[in-house]
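1. Next one to model:
(2 chains)
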Amino acid sequence: MSDIETKIREEAKRALESGDVSLVIGWGAGSVPFKTTPIFIDKPEDAEKLVWNPACVNNLAVYLPKMASDKKIGIVAKPCDIRSIIALIQEKQVKRENLHIIGLGCGGVVDAGDLDNADFHLQDVTGLEWVADGLNVITTSGDHVIECGACLRDMCIICEKREPAIFDAKFGEAVEPQEGEVCALPELPDDRRKFWSEQFSKCIRCYACRQICPNCYCESCFADRIEPKWTAKKATPEESWMFHATRAMHLAGRCIGCGECERVCPVNIPIMQLEIEMAKIAKERYGYEPGDPDEEAPLLGQFKDADHDPGHHGG
Amino acid sequence: MSEETKTIESEIEEIKQPKEWQPAILGILCNWCSYAGADLAGSARLHYPESIRIVRVPCSGRVDPMFVLKGFQKGFDAVMVLGCHPGDCHYAKGNYYARRRIAMLQDLLETLGVPRERFHFEWVSASEGNRFAELMTEMTERIKKIGPFDGVTP
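-> Coordinates of the predicted model:
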């Protein structure tokens, strides 16, 4: 992995020195060894601060609509982050020519909270690295290898696209998907409503899911509107239902499935379940996959004459 | 054949009796086809249950999925969206956009556990006054059978 890290640093340094880009967005070391933080590099010598390890979870595309509007910038991106970038290009939030994409082959990333297991304490962790049979957690008391299925984020377990779709420089190889499943929804409508009711009653309406989402770039969000008031600010299950249902609808056919919303949720609402279902249907029914570089518009911004017709009941 | 004589007491007694439960159905209708169809049903004096509350919109393409979600959140027992048949849109292609959007909305509602029977999407043209009246009767019967909606977060 360190080999790839070096190449990322060299590429960022080269791009900054040559004046190709004025800024590179990437991951830097976090405050603890099992976390990383987004960093913004504008001096070639600072390229040394960039890191690439199993804890590089943040989808950095979230910064692009604001930062790449008037200048060319570099971004270090995993395949899912690149799908976000493609979606932003399709929706005209950022121009391809304003981006220098340093793409990475990926094997999934790790949510630090899930690392807490019986063999070691998080405070003893000094580093993370991928090894042949899983994740190697380096601690002060020795190395511990954890199976991928037990440490990868849910979205990484089911991810099927581990090669960058577009890039200007590419490092690292994709790792084959793991076998695994994410939590399933109850079958019956009444049970589903109760399930979501319990989930949404936890919501504190912090809007972290919205803030972290690269596709939630609206300057004026429906949730902040006072007139018309689509959803009240109070965190009742009903109002939170309205917020999450609307957000899911706004992302239908646009969400590329990076799972950032679920990761940042302080009360662990399985927000991605809604989007996973919507993505499944978009693929089955319309053959549409968000973040596909061959698509010109989002799913709901286009139509075909022969589309599935829910309004035709044979009457 | 003597009709029962009505007195003020019998009238009061009748009003006091609980009436049969009627569902509240939100209908979002396109101005050019479905609303005109509803109008035709009215001018032709066709009978249909009064359970529907109509909101008129310029086009089914104007139907923001939030209208439907809001309807359910506010406790409607069912929501209907009616628009022009494909090919008949006053704005040429509004209903084609609506078709995809509404289809995705149907699936979102299902994922959220709102029963499929409670949301209905159909094409009704300006000449289909009969169809409109039939549809209202069918829908009302259907919702009466499954009973009141216990809310989006029971």
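2. State the number of residues packed around the residue of chain B found nearest chain A.
-> Nearest residue of chain B to chain A, counting by C-beta to the nearest C-beta: residue B:113, 2.9 Å away. C-betas here are computed from N, CA, C, even on glycine. Close neighbours of residue B:113, defined as other C-beta atoms under 10 Å in any protein chain shown, add up to 21.
3. For it, which non-adjacent residue is spatially closest?
-> residue A:192 (2.9 Å; C-beta to C-beta, 6 or more residues apart in numbering or on different chains).
4. And for residue B:110?
-> Per C-beta to C-beta, 6+ apart, closest to residue B:110 is residue B:116, 5.8 Å.
5. tell me the contacts of the one you found?
-> A:189, B:106, B:109, B:110 (C-beta atoms under 8 Å, 6 or more residues apart in numbering or on different chains).
6. For the residue nearest in space to the middle of chain B, give the beta-bridge partners.
-> Nearest residue to the geometric centre of chain B (C-alpha atoms, centre = their mean): residue B:27, 3.8 Å. Beta bridges link residue B:27 to residue B:54, residue B:80, judged by DSSP bridges.
7. helix or strand for the residue nearest to residue B:113, which one?
-> For residue A:192, the enclosing helix or strand under DSSP states H and E is helix A:189-201.
8. and the very next helix or strand once past that helix, is it in reach of chain B?
-> As assigned by DSSP H and E, the chain's next helix or strand after helix A:189-201 is helix A:208-212. No: residues of helix A:208-212 are not located near chain B by C-beta under 8 Å from any C-beta of the partner chain, the shortest gap being 15.4 Å.
9. quick revisit: and the residue nearest to the centre of chain B, what is it in contact with?
-> Shown in contact with residue B:27 (C-beta under 8 Å, 6+ apart): B:38, B:52, B:53, B:54, B:55, B:79, B:80, B:81, B:82.
10. Out of these, which is nearest to residue A:123?
-> residue B:79 (52.5 Å; C-beta to C-beta).
11. pull the helix or strand with minimum mean pLDDT from chain A.
-> helix A:148-151 (a mean of 80; mean pLDDT, DSSP states H and E).
12. Around the residue of the stretch 151-300 of chain A found nearest chain B, count how many other residues there are.
-> At 2.9 Å from chain B, residue A:192 is the closest residue in the stretch 151-300 of chain A, using C-beta to the nearest C-beta. Using other C-beta under 10 Å, residue A:192 has 18 other residues around it.
13. and residue B:122, that's in a strand?
-> Yes: assessed by DSSP: H, G, I helix; E, B strand; the rest coil, residue B:122 belongs to a strand.
14. so what's it bridging to?
-> With DSSP bridges as the rule, residue B:122 is bridged to residue B:82.
15. Correct me if wrong: the residue nearest to residue B:113 contacts residue B:115.
-> No: the criterion here is C-beta atoms under 8 Å, and residue A:192 misses it with residue B:115 at 9.6 Å.
16. would you list every one of the strands in the stretch 1-150 of chain A?
-> A:24-29, A:36-41, A:73-77, A:99-104, A:125-131, A:134-139, A:142-146 (DSSP state E, counting those that start in this stretch).
17. now, of those strands, which is deepest in the fold?
-> Mean neighbour count (mean count of other C-beta atoms under 10 Å in any protein chain shown) peaks for strand A:73-77 among the strands of the stretch 1-150 of chain A, with a mean of 26.
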